[in-house]
Each structure stands twice: as C-alpha cells, then as structure tokens.
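Participant: just to be clear, the model below is a prediction. Sequence and coordinates:
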Amino acid sequence: MKIDGEEIPRGSVRQADICIVGSGAAGITMARELTRSKLRVILLEAGTTEWTEASQEIYKSSSVTTNPPQVMDNDFPSWSRLRYFGGSTNHWGGWSRPFEEYDFTKRPWIPLSGWPVSLADLKSYYARAATYLQLLNFDQDEEAARPDRFGITTREFHYSPPTRFGTEYGPELFAAPNIEVILNASAVRFDTQNDQVQSVLVKNAKTEFTIQAKSFVLASGGFENPRLLLNSDHQRGAGLGNSSGMVGRCFMEHPHATVGMFVNVEGEEWLKPFHFGANNEPLRILTTTPEFQARHQVLNYSCQLDIRKTPVADPQEGLNFTQFSYGKPAAVNHLRLYTRSEMLPDPKNRIELSNERDALGLRRFHMHMNFGRTDLRTVVKSTEAVIASLSAQALGRGKIVLERDDLWSTDLGPGCHHMGTTRMSENPREGVVDRDCKVHDLNNLYLAGSSVFATGGFANPTFTLVALALRLTDHLRAGKGGAA
Ligand SMILES: Cc1cc2nc3c(=O)[nH]c(=O)nc-3n(C[C@H](O)[C@H](O)[C@H](O)COP(=O)(O)OP(=O)(O)OC[C@H]3O[C@@H](n4cnc5c(N)ncnc54)[C@H](O)[C@@H]3O)c2cc1C
C-alpha cells in the first residue's frame, strides 16, 4: 500500500512489527523480502516518488578536506546522494563486485580492521543480491588469475543495468497487503525506554505522527544513519548507539584517481577482458594479493586499464607519453592506470552535527575527510607493481604520475560511497553495531547500508550492502529482534 504521509492525521500513532526508515537499495530490499511474510511492515520514505528541490535541500551539509580542493568540494554531502523513493539507486552507476575474503579479516597493519562476520557468512546472500542487482554472468566462484611474482592478480567487476530500485520494485511494494510505504515521511527522532526503541517520530511540511514497532531498521544512507542517531539525543546526551563516541567516525570513501600511465606496444588480444562494458562481459581489473598487501603494509587496491587511442598527458611534466614506445614504431594503446582503492578507517574522518538546522528542525552535519598517507602509499606501491608486471610481459612501458607524497593526481576524487559511519564491531568500544547489524546499546534498533562497513575494500559498496540487508531480513524474519 502506498500512503502520502501528509494525509496522516497529526498526532496519530501507527503500529507495525518492523519499521524500516529509508527506501534506498537497503530499505527496498528488506521490504520486498518481507512481502512474503506475515509481518506488518512500515517503510518510511522522506521524499516522494519524484525528485523535489525541497526534499533534496534537507541533504545540504558541509565538508572540509586538507587534500587538494578538487578532491572533496563543500557540497559533496548534497550532490552525492538522492533523497526520494529509491534513494541513490536513482543515479548510481551499477558497478558491482563482492568483497574479498581477506577484506573481512583482521590485518595487523590496519588499525580497526576485521569484521565480526566473514565472507562465508555472506556468500549465500551475495548470490541472492545478484538477482536484486540484475547482474548477468555473476559467477560466485570466479577464479582469480594466478598471481605473478610481483604480487599482481586479476578480479572482475560486474554491471547492474543499473537497477533503479524504486522503479523496479516499487509497484510490488505498493501492491503488498502487509507493507505500508509512507511517502513524505521523514523520521526525525527515536524514543527509547530502557534499552528498547519504543517509537519513531515522523514529520513532513504539514503534519507529524508516530510509528510504534517491535523492531526498527534505520536504512537512510551512510550520512543520514549517523545523523539521525546523533539527532536523537534528547534521552541519551551523546545520541543513540554512541556510548563510545563512534557514531559518525571512520567515514570511508574509495579514492578514485589516475596513478600511472602505460604505453602498450604489443598486441590487442591480451587486453580484451580489460575492455570496459564489452558485450556485457565483466570487466577485468588488476589487483594485489593479500601477501603483497601484508608485505608492503598497504590496503586493498584495484587498477583499471583505461584504454585510450591517443596519448595520455602527464599532469606533472605536461609531456605526452609517446617517448615511452622504447624503439617500437608506435604505441598500440595508451593505458591510463586508474585506481579505485581501499581507504583507511580513521576515526578523524567523521561527520559531526553542526548548529545549523534543516526545515524539519534537525541539525545538519559537518564532515572532515582526507585521503591520507596510507591511502596514497597504497595506490603508488601497488601501481608500481602493476607496471612491473606488465613490463615483465614485454607489453610496454609505464610510469607513475604521482611521485611526491603530498601530490595527489589532479583527478583524485571520491566515488560517492559513504561507508563506515556506524561501523560493525565485536564490541561497543570500536563500533556501533554488532555482527547482526543491531546497535550494541539497544535491543531492537538495526542499521542497514554501507554505514555498517568496518572496512571498505576496493569494491563499490551496493552489492555488499544489499547482501547484508538480506542477511538482516532473515535475522528479523526468524524472530530475532522481537518482530516475529
Ligand atoms: C553518482 C553515483 C554513482 C554511484 N555508482 C555506484 C556504483 O557504480 N556501484 C555501487 O556499488 N555504488 C554506487 N554508488 C553508491 C550507491 O548509490 C549507494 O551505495 C546506494 O545507493 C546506497 O543505498 P542505501 O539504501 O544504503 O542508501 P540511499 O540510497 O541513500 O537511500 C536512503 C533512503 O532513505 C531516505 N531517507 C533519508 N533520510 C530519511 C529520513 N530521515 N526518514 C525517512 N527516509 C529517509 C532517502 O530519501 C533515501 O531514499 C553511486 C553513487 C552515486 C551518487
């Protein structure tokens, strides 16, 4: 059923078994799974089925960085997400890949690494998530190529069409008798008693009402999840789930940048799997082995061979790269070595509430975010190994275009991947939710979305956050969390 929140009488109270806040990839996945259950579900969506300026304005916040100014502009929190039914899947790109087994493990050289779940816990959920994302040719047991002596191996990215969750799955939700999708329904505050969330207060421009439920799931995106917890501070001074001050900390992105260039002088055949989007085939990318990462104490890394027919300019020297043909008559291809890599979980990269309020009275946030030295060292060390590996196969010659520690590539930027701000951890000291995505401090409040990621791997986040949402749904459907 679809309901306009503006028509709901002021002060009324609605009841559900499960109340999900936010209808992005995470919230819609959960609600759709629950159409096949006896549970009464309310799915709250702050916006409507269309983009509106008034709704998007609520997402305005500010950000600062000490990286070069082009890396993270002040408006990043506003443009890097969408506030209406379907959330950011209304503009996502569809790049998808599961996390690696070692992404979930404790890596001694990376503080705060290690998830309380493993790849084995998620494996069956990735298979189900692949159908939600409409991934063709997704092979769960895809073999990585045998690593070479430089520690380089390959992996695959898969493409979602990209699925627009609101358009694709909305009609089913609107038709489901046990699901109420309430649009124009912004959650603004959770009320608790002891360690139990009793209700959520919902507002729009015309009215306000309350939802009472046995379990609550906050699925409002990587910035709004912590923002809503921090704004719910009328009963617990630091906000909900924040006894250790971890809500909003360890914000992670994926640094995207040109790190090197390679002049390819031999043959086209070996490059075919690296062609972007060819015949709907997965895209091959180069990455480093866990042993390489341990030896060099770096993070996870990927390198796309971005194939160009014309020379790539060297941003540092303003020179073309043609001299690198090394006696060969001409280059076959000019490859831009483009990385999407892991970022260190650093408590200093965080969002905090500011004093400015939005139209609904909630405090906006301020974000501090820097790609740091480990992030930079990772992409340089790893790209050096990629160049060594390709050169050893006599495929051509390459060079790094990032040579000084303080010099990031001119095209360094984020991927609009908002991760880590309510991270999953064994104990409340190091995070906000437990292995079941339940807030450590509370009995019946769960979080869905990439805010729960403990570390970010190099893979884009949506595949993994949908897999986690499916796992959380099974948990709630089995009666854990008090809903069934
Ligand atoms: C340009 C771009 C390209 C991208 N490309 C890729 C890609 O190729 N691959 C990939 O994996 N990821 C990609 N992403 C990231 C991807 O879009 C997100 O990971 C994903 O959509 C997040 O889903 P979510 O459900 O967690 O959150 P969101 O999509 O943010 O959904 C949250 C929902 O909650 C609603 N909401 C917010 N606050 C409230 C409130 N208080 N009350 C009620 N409802 C609320 C919002 O309106 C929204 O509908 C891209 C992002 C962008 C911006």
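Facilitator: Perfect, thanks for sending it. Residues are numbered from 1 along each chain as shown.
Participant: hey, where'd the helices end up in this protein?
Facilitator: 25-34, 53-57, 76-79, 119-132, 165-175, 224-231, 290-296, 373-392, 462-477 (DSSP state H).
Participant: burial of the residue in the stretch 151-300 of the chain positioned nearest to the ligand, as a residue count?
Facilitator: Nearest to the ligand in the stretch 151-300 of the chain, going by CB to the nearest ligand atom, is residue 221, at a distance of 2.8 Å. (Glycine included, C-beta is placed from N, CA and C.) Neighbourhood size, residue 221 [other CB atoms under 10 Å]: 29.
Participant: what sits against it?
Facilitator: Contacts for residue 221 (CB atoms under 8 Å, 6 or more residues apart in numbering) come out as 22, 24, 81, 87, 88, 418, 449, 451.
Participant: I figured the second one hits residue 85, correct?
Facilitator: In this case it means residue 24. No: with contact defined as CB atoms under 8 Å, residue 24 does not reach residue 85; the gap is 9.1 Å.
Participant: neighbour count: these two, which is higher?
Facilitator: Remark: of residue 24 and residue 85, residue 24 carries more neighbours, 32 against 28, as counted by other CB under 10 Å.
Participant: excluding chain neighbours, give the residue nearest to the more buried one in space.
Facilitator: residue 87 (2.6 Å; CB to CB, 6 or more residues apart in numbering).
Participant: counting neighbours, what do you get for the one you found?
Facilitator: 29.
Participant: in contact with it, which residues?
Facilitator: 22, 23, 24, 25, 27, 81, 165, 166, 221.
Participant: what would those residues look like in CSV with pLDDT and distance to residue 386?
Facilitator: Converted to CSV, these look like this (pLDDT from 0 to 100; distance: CB to CB, whole Å):
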residue, pLDDT, distance to residue 386
22, 98, 38
23, 98, 40
24, 98, 34
25, 98, 31
27, 98, 38
81, 97, 32
165, 98, 35
166, 98, 39
221, 98, 33
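Participant: filter the residues you listed to the buried ones?
Facilitator: Listed as buried from those are 22, 23, 24, 25, 27, 81, 165, 166, 221; burial here means 16 or more other CB atoms under 10 Å.
Participant: any chance of the backbone angles for the second one?
Facilitator: In terms of degrees, to the nearest 10, the main-chain angles of residue 23 are phi -120, psi 60.
Participant: any idea how far residue 219 is from it?
Facilitator: Using CB to CB, to the nearest Å, we find residue 23 at a distance of 8 Å from residue 219.
Participant: kindly report the same for the fourth one.
Facilitator: The spacing between residue 25 and residue 219, counted by CB to CB, is 9 Å.
Participant: could you do residue 420 as well?
Facilitator: Taking CB to CB, one finds residue 420 at 16 Å from residue 219.
Participant: find the nearest non-adjacent residue to residue 380, please.
Facilitator: residue 402 (5.6 Å).
Participant: please tell me I have it right and that neighbour contacts residue 411.
Facilitator: No: Residue 402 is beyond contact range of residue 411, at 11.0 Å (criterion: CB under 8 Å).
Participant: overlap of the contact sets of these two?
Facilitator: Residues touching both residue 402 and residue 411 by CB under 8 Å, 6+ apart: residue 257.
Participant: quick one, which of those two is more surrounded?
Facilitator: Per other CB under 10 Å, whichever of residue 402 and residue 411 has more neighbours is residue 402, with 21 against 13.
Participant: which residue sits closest to residue 22, ignoring its sequence neighbours?
Facilitator: Counting by CB to CB, 6+ apart, the nearest residue to residue 22 once its immediate chain neighbours are dropped is residue 220, at 3.6 Å.
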